[in-house]
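J.: whatever this is, show me its structure:
(chains A and B)
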Amino acid sequence: MPPIPPPTGGAPFDGSHPWALHPQVSLRPESFGALAYHFGTRRLSFLKSRRLLAVVESLADQPTGHDACRAAGVAADELEAYERALAALAESGMICRRVAS
Amino acid sequence: MGAPARVGRLVDRFERGLDAPICLTWELTYACNLACVHCLSSSGRRDPNELTTDECKAVIDEFERMQIFYVNIGGGEPTVRADFWELVDYATAHHVGVKFSTNGSRITAGVAARLAASDYVDVQISLDGASAEVNDAVRGTGSFATAVVAMGRLADAGFSGFKLSVVVTRHNVAQLDALNELADRHGAQLRLTRLRPSGRGADVWGELHPTPDQQRALYDWLVEHGEDVLTGDSFFHLAGYGGPLPGLNLCGAGRVVCLVDPVGDVYACPFAIHDAFLAGNVRSPGGFARVWRHSELFTELRRPQSAGACASCGHYDACRGGCMAAKFFTGLPLDGPDPECVLGHGRNSPAARGETALPRPSPDHSSRPRRVAVAMLPRRPGRACDESPLAASALGPRPR
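T.: Presented below is the predicted three-dimensional model:
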């Protein structure tokens, strides 16, 4: 299958919208967080904490990105840091906007 | 907490190993229809003891359980195995991506169409020059034409983004732009890797590895092309020129990658096919998983490594002392500089001095007699201490 180049700029992460892990991404938990491999773009990413992994895993089940963060136990003063991490994942195509909620 | 922020610390974790490789190289057969002078696996003749189809499937099942994302399948020439397509299909059906290397000789139009339609399979065409003159001197008469025909078939079948994989040598380093254009013309991506003195590479290392000036030019070219050109993390030993290139920039051997060879032997790295780097065999109880997680060799590689002679050098953080295999096969100690250290600290290797008593790769499946290393000097008087290149390192010779 020809690799699909990542969308340049990706949809910027907006936590008030619903998100999901891209269907072509495989997540592998590790002691430090997780490895994420996108079979379409062939890109490898690192999720650097178990809590971030929990956020990403719950995205599809939560109405919004912010809800996923709260459900995973992200504190209010940590939210900005998590948004930056999720923005990086969105930019590389690892997570994508969900159409329905 | 996102992807690039504090990569340094994460890389330290990788040096202590992962529960499963990120990817690994799987050489399916030692058989090959070519006889490239620098073959890292000394391939040519099939080994009588190669893994059967069922044994290969059992290994794939293990890869699936360990959630290994993809395997780099090579050889020899993997497509000469009668069960090659059966195994590729089995892997992809079991969530293991396949990237396979080939000289292109079996990429028919039908095969190209099948690959273009296939999910989770990527192809790497091997070529070592932008002209038949340069390439065929290394890979044999007609090999350039074969590879270009294969590339054309892949392009015609609509398979964009396959890889053109080139081992950088003294004679093709002037052709990097031409190789990039060749890739572009076929909708492919260029991949450059480093020549190591491994397998038959040991025989031609002296005459084929880039000169220091060429190495500098290569580094600058790689920096200029950034992430457009892949490198398989081959060139982290050049980081001393001006900073790391894209990639993990560490020796992944036994930590994030390894090799499974055609008879099921597990080595730390495809460039280190030698008893000193043999961790175990997939046919043993516990299979591949046990070897990866619990072998003595890999456990040792995952301990903090000594910088040794490089400890006082400001570049060590970036270059990590270079490539273990390159040091081993040129007779250099593992806790010291790479033979191509950018500061020249490894240039006086035993190999460079014409020593003939160097480690030889353990299995040799070459079809023809090997070329003999050029210099045959009279044997020097023995040194007072052990002549083994491993004497100074934690790795001693290992019993199988």
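J.: now do the contacts for B:Ala307.
T.: B:Tyr316, B:Gly321, B:Asp335 (Cβ atoms under 8 Å, 6 or more residues apart in numbering or on different chains). Every residue, glycine included, has its C-beta placed from N, CA and C.
J.: so where's chain A uncertain?
T.: Residue ranges of chain A with pLDDT under 70: A:1-11, A:100-101.
J.: would you mind listing what in it touches chain B?
T.: A:1-3, A:26, A:28, A:30-32, A:35, A:37, A:39, A:42, A:44-46, A:48-49, A:52, A:81-82, A:84-89, A:92 (Cβ under 8 Å from any Cβ of the partner chain).
J.: among those, which lie within helices?
T.: A:Leu52, A:Ala81, A:Tyr82, A:Arg84, A:Ala85, A:Leu86, A:Ala87, A:Ala88, A:Leu89 (DSSP state H).
J.: look at the fourth one and say how many residues are nearby.
T.: Other residues within reach of A:Arg84, judged by other Cβ atoms under 10 Å in any protein chain shown, total 14.
J.: ok, back up a step: which one of the ones in helices among the residues of chain A next to chain B is nearest B:Val223?
T.: Closest approach to B:Val223 among those (Cβ to Cβ): A:Ala88, at 23.1 Å.
J.: would you map the helices across chain B?
T.: With DSSP H as the criterion, chain B has helices spanning B:7-15, B:53-65, B:84-93, B:109-117, B:132-139, B:143-156, B:176-185, B:201-208, B:212-225, B:287-294, B:296-301, B:316-319, B:324-329.
J.: I'd like those as TSV, with mean pLDDT and distance to B:Asp261 appended.
T.: Listed next are the helices of chain B as TSV, based on pLDDT from 0 to 100; distance: least, Cβ to Cβ, whole Å:
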stretch	mean pLDDT	distance to B:Asp261
helix B:7-15	64	23
helix B:53-65	97	11
helix B:84-93	96	15
helix B:109-117	94	25
helix B:132-139	97	21
helix B:143-156	98	23
helix B:176-185	98	29
helix B:201-208	94	16
helix B:212-225	96	29
helix B:287-294	97	12
helix B:296-301	95	14
helix B:316-319	88	28
helix B:324-329	95	14
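J.: can you put the ones you listed in a markdown table and add distance to A:His22?
T.: Listed next are these as a markdown table, based on distance: least, Cβ to Cβ, whole Å:
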| stretch | distance to A:His22 |
| --- | --- |
| helix B:7-15 | 22 |
| helix B:53-65 | 20 |
| helix B:84-93 | 18 |
| helix B:109-117 | 21 |
| helix B:132-139 | 39 |
| helix B:143-156 | 26 |
| helix B:176-185 | 27 |
| helix B:201-208 | 39 |
| helix B:212-225 | 27 |
| helix B:287-294 | 28 |
| helix B:296-301 | 32 |
| helix B:316-319 | 33 |
| helix B:324-329 | 36 |
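J.: and the ones you listed, which is most packed in?
T.: helix B:324-329 (a mean of 26; mean count of other Cβ atoms under 10 Å in any protein chain shown).
J.: circling back: which ones among the contacts of B:Ala307 also lie next to chain A?
T.: Answer for those near chain A: none qualify (Cβ under 8 Å from any Cβ).
J.: is any residue of stretch B:153-162 near chain A?
T.: Yes. Stretch B:153-162 lies within reach of chain A by Cβ under 8 Å from any Cβ, at B:Gly158, B:Phe159, B:Ser160, B:Gly161, B:Phe162.
J.: my read: the fourth one touches B:Leu190, true?
T.: What it means is B:Gly161. No. Using Cβ atoms under 8 Å, B:Gly161 is not in contact with B:Leu190; the gap is 11.5 Å.
J.: neighbour count: the two, which is higher?
T.: B:Leu190 (21 against 17).
J.: let me see the contact set for the more buried one.
T.: Contacts of B:Leu190 by Cβ under 8 Å, 6+ apart are B:Lys163, B:Leu164, B:Val166, B:Leu179, B:Asn180, B:Ala183, B:Asp228, B:Val229, B:Leu230.
J.: what do you get if the cut-off is 7 Å, keeping everything else the same?
T.: The contact partners of B:Leu190, by Cβ atoms under 7 Å, 6 or more residues apart in numbering or on different chains, come to B:Leu164, B:Val166, B:Leu179, B:Asn180, B:Ala183, B:Val229.
J.: pull the distance from stretch A:85-97 to the chain's centre.
T.: 5 Å (Cα atoms, centre = their mean, to the nearest Å).
J.: how about that stretch, which residues are buried there?
T.: Within stretch A:85-97, the residues that count as buried by 16 or more other Cβ atoms under 10 Å in any protein chain shown are A:Ala85, A:Leu86, A:Ala87, A:Ala88, A:Leu89, A:Ala90, A:Glu91, A:Ser92, A:Gly93, A:Met94, A:Ile95, A:Cys96.
J.: which parts of the stretch 51-200 of chain B sit against chain A?
T.: Residues of the stretch 51-200 of chain B found near chain A (Cβ under 7 Å from any Cβ of the partner chain) are B:Gln67, B:Phe69, B:Gly97, B:Ser118, B:Asp119, B:Tyr120, B:Val121, B:Phe159, B:Ser160, B:Gly161.
J.: can you pick the most crowded of those residues?
T.: Among those, B:Phe159 has more neighbours than the rest - 26 neighbours, counting by other Cβ under 10 Å.
J.: so what's that residue closest to, chain neighbours aside?
T.: B:Ala116 (3.9 Å; Cβ to Cβ, 6 or more residues apart in numbering or on different chains).
J.: tell me who's in contact with that neighbour.
T.: Counting by Cβ under 7 Å, 6+ apart, B:Ala116 has contacts B:Ala157, B:Gly158, B:Phe159.
J.: for the residues you listed, give me a markdown table that also has pLDDT.
T.: Converted to a markdown table, the contacts of B:Ala116 look like this (pLDDT from 0 to 100):
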| residue | pLDDT |
| --- | --- |
| B:Ala157 | 97 |
| B:Gly158 | 96 |
| B:Phe159 | 95 |
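J.: nearest to chain A among the residues you listed?
T.: B:Phe159 (5.8 Å; Cβ to the nearest Cβ).
J.: that closest one reaches B:Val111, doesn't it?
T.: No. If you go by Cβ atoms under 7 Å, B:Phe159 and B:Val111 don't touch, sitting 10.4 Å apart.
J.: on that earlier part again, and the contacts of B:Leu190, which is closest to B:Glu133?
T.: B:Leu179 (13.9 Å).
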